[in-house]
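# got a predicted model here, sequence first, then my questions.
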Amino acid sequence: METASCPILYTIRFRGGGTTARAASSAKLYSDIHGKLLRGNSIIPPPSYKFGDNRLQFGRFICNASTANTTQSDPSQKIALLLEVDGVLMDVYRLCNRQAFNVAFRKLGLDCANWTEPVYLDLVRKSAGDEERMLILFFNRIGWPTSVATSEKGTFMKNVLREKKNALDDLVISNAFSLRPGAEAFIDDACDKGIPVIILTAYCTSGEKVARLLIAEKLGTDRMSKTKIVGDDEVKQSFYGQLVFGKGVSSSLDEKLAKEVSRAASAERQRIAEEVASILKLKVELNTTSSESLQNIVAALRAGAEYAELPVNNCVLIAGSQSGVAAAERISMPCVVLRSSSTSRAEFPSAIAVMDGFGGADLTISRLVRKLMS
């Protein structure tokens, strides 16, 4: 039985024809899909939709409404944690990312390109961590290679980023990485309190496969059994991922619901594009995350909320990247920033808190819950 939550029908279970479909956990997405059915705090069904015995039926599908979550007295039981890898569990940027760029430059014969740490940190700050934007800023500053035509700049940057990723994978594997101090205790405390912990590898700088291996090695079998990793495959398989990335939904879905899903997917793409365009126009220096990159991160966050089976605004992103913060802000997901080498001087006005690490006077479960309730 697959479940998804929303503020109107706290737990929705979809069933029909022996198959199940994961529904989006975000209240906003739920409203997009069923917008025509929702009016204020009531639900106005079309003639083909039926209510009865706390159930909403459409076609072969039945939604069971449960208010069990509303009776929980412990606020920690109503939240889930989404943890980024880069900058949160490990500081990959500090140890390897700049070196990986320089390896890529040398491999491509770009002798004029060598990023010192001050140059690298300046590019990170001005690009809000968007690596394609970092390349544009750098080569606009020093001049593009004469062999690269204007029409080939996109291909050139993709080649650089591909080589950089390969170099980063090698560097990460060859280095003896350890988790940030206090990370294990933080995860243990969350699991002991019954708080779902989702680890996001889908948009990890060091590459998803490498990140999965490292996290599994460092956390150990016992902790891994209590957490959930959300990578590229999990995002694509999520209900939201199927909408946004055009993979469609299960053929067993009611035809009318499928049409609403299709409309919602188009509306979501358009909304993201318009909002990003507006932000880029007004605040280029603050947020230059590409629309495609932002969409991928938003999809990962929404998928994480689905697997946690909670609404988006009941999930908290523990972020170490500016792009993650931007995506969380876009979907109104609460966000706490853990500073790393790449974000030590950055400002995060949309975050509910900015901290230097885990434990002590910084990020703990009890302090996070108090912050959310204040």
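Looks like it arrived, so ask away. Numbering: from 1, shown residues only.
# please enumerate the helices of the stretch 201-350 of the chain.
In the stretch 201-350 of the chain, the helices defined using DSSP state H, counting those that start in this stretch lie at 208-226, 232-237, 239-244, 255-282, 291-308, 322-330.
# those: lowest mean pLDDT?
If those are sorted by mean pLDDT, helix 255-282 sits at the bottom with a mean of 57.
# distance of the closest residue to Gly129 other than its chain neighbours from Asn313?
Nearest non-adjacent residue to Gly129, counting by CB to CB, 6 or more residues apart in numbering: Gln322, 4.5 Å away. The C-beta positions use only the backbone N, C-alpha and C, and glycine is treated the same way. According to CB to CB, to the nearest Å, Gln322 and Asn313 sit 21 Å apart.
# these two: who's more crowded?
More crowded of Gln322 and Asn313, by other CB atoms under 10 Å: Gln322, with 25 against 16.
# any figure for the gap between the more buried one and Ser147?
Going from Gln322 to Ser147 by CB to CB gives 32 Å.
# same question, Leu135
Per CB to CB, Leu135 is found 15 Å from Ser147.
# those two: which has the busier surroundings?
Taking other CB under 10 Å, Leu135 and Ser147 do not tie; Leu135 has more neighbours (22 against 8).
# let's see the pLDDT reported for that one.
Model confidence at Leu135, expressed as pLDDT, equals 95.
# helix or strand for it, which one?
Taking DSSP states H and E as the definition, Leu135 sits inside helix 131-142.
# got phi/psi on Asp91?
The phi/psi pair for Asp91 (degrees, to the nearest 10) reads phi -100, psi 70.
# I figured it hits Ser340, correct?
Yes - in this structure Asp91 lies within contact range of Ser340 using CB atoms under 8 Å: 4.9 Å.
# what about the nearest residue to Val197 once chain neighbours are set aside, how many neighbours?
Computed as CB to CB, 6+ apart, the closest residue to Val197 that is not its neighbour in sequence is Thr227, at 4.4 Å. For Thr227, the count of nearby residues is 17 (other CB under 10 Å).
# distance of Thr227 from Arg367?
20 Å.
# likewise Glu184?
From Glu184 to Arg367 the distance is 17 Å (CB to CB).
# what do you get for Ile136?
Between Ile136 and Arg367 the computed distance is 39 Å (CB to CB).
# what's the answer for Leu214, then?
According to CB to CB, Leu214 and Arg367 sit 27 Å apart.
# same check, this time on Leu200
Leu200 is 22 Å from Arg367, where distance means CB to CB.
# more crowded one of these two?
Leu200 (30 against 16).
# so that one bridges to which residues?
With DSSP bridges as the criterion, Leu200 is bridged to Glu84, Val230.
# just checking, it touches Arg302?
No - with contacts counted by CB under 8 Å, Leu200 stays clear of Arg302, the gap being 11.3 Å.
# and Ala100, how far from Cys112?
According to CB to CB, Ala100 stands 18 Å off from Cys112.
# oh, I was asking about Glu152
From Glu152 across to Cys112, the span is 17 Å (CB to CB).
# more neighbours, those two?
Neighbours were counted for Glu152 and for Cys112 using other CB under 10 Å; Glu152 has more, 13 against 10.
# Three-state assignment for the more buried one, please.
Using DSSP: H, G, I helix; E, B strand; the rest coil, the structure places Glu152 in helix.
# compute the inter-axis angle for whatever helix or strand Phe186 lives in and helix 208-226.
For Phe186, the host element (DSSP H and E) is helix 183-192. Angle, helix 183-192 to helix 208-226, by axes from the mean of the first three to the mean of the last three CA atoms, to 10 degrees: 50 degrees.
# buried residues, helix 183-192. List them.
Neighbour counts over helix 183-192 (16 or more other CB atoms under 10 Å) mark 183-184, 186-191 as buried.
# and what of stretch 99-113?
Neighbour counts over stretch 99-113 (16+ other CB under 10 Å) mark 99-105, 108, 113 as buried.
# then stretch 200-216?
For stretch 200-216, burial by neighbour count (16+ other CB under 10 Å) applies to 200-208, 210-212, 214-215.
# now do the same end-to-end measure for that stretch.
Stretch 200-216 has an end-to-end distance of 13 Å (CA to CA, to the nearest Å).
# contact partners of it?
Identification of contacts with stretch 200-216 by CB atoms under 8 Å, 6 or more residues apart in numbering yields 82-86, 89-90, 92-93, 96-97, 165, 168-169, 172-173, 177, 199, 224, 229-232, 234-235, 293, 296-297, 299-301, 303-304, 321, 323-324.
# any of the residues you listed buried? List them.
Among the contacts of stretch 200-216, those scoring as buried are 82-86, 89-90, 92-93, 96-97, 165, 168-169, 172, 177, 199, 224, 229-232, 234-235, 293, 296-297, 299-301, 303-304, 321, 323-324 (criterion: 16+ other CB under 10 Å).
# which of the buried residues of stretch 99-113 fall in helices?
When DSSP state H is applied, the buried residues of stretch 99-113 are split such that 99-105 fall in helices.
# so for Asp169, what's the pLDDT?
pLDDT recorded at Asp169 is 79.
# swap in Gly182?
Value for Gly182, per-residue pLDDT: 94.
# dihedrals phi and psi, it?
Backbone torsions for Gly182, taken as degrees, to the nearest 10, come to phi 90, psi -10.
# what is the burial count for it?
Using other CB under 10 Å, Gly182 has 16 other residues around it.
# quick check: the gap between it and Gly359.
Remark: distance between Gly182 and Gly359 (CB to CB) = 4 Å.
# ok, Phe105 next?
Taken as CB to CB, the span from Phe105 to Gly359 is 38 Å.
# same thing with Ser238?
For Ser238, the distance to Gly359 (CB to CB) stands at 32 Å.
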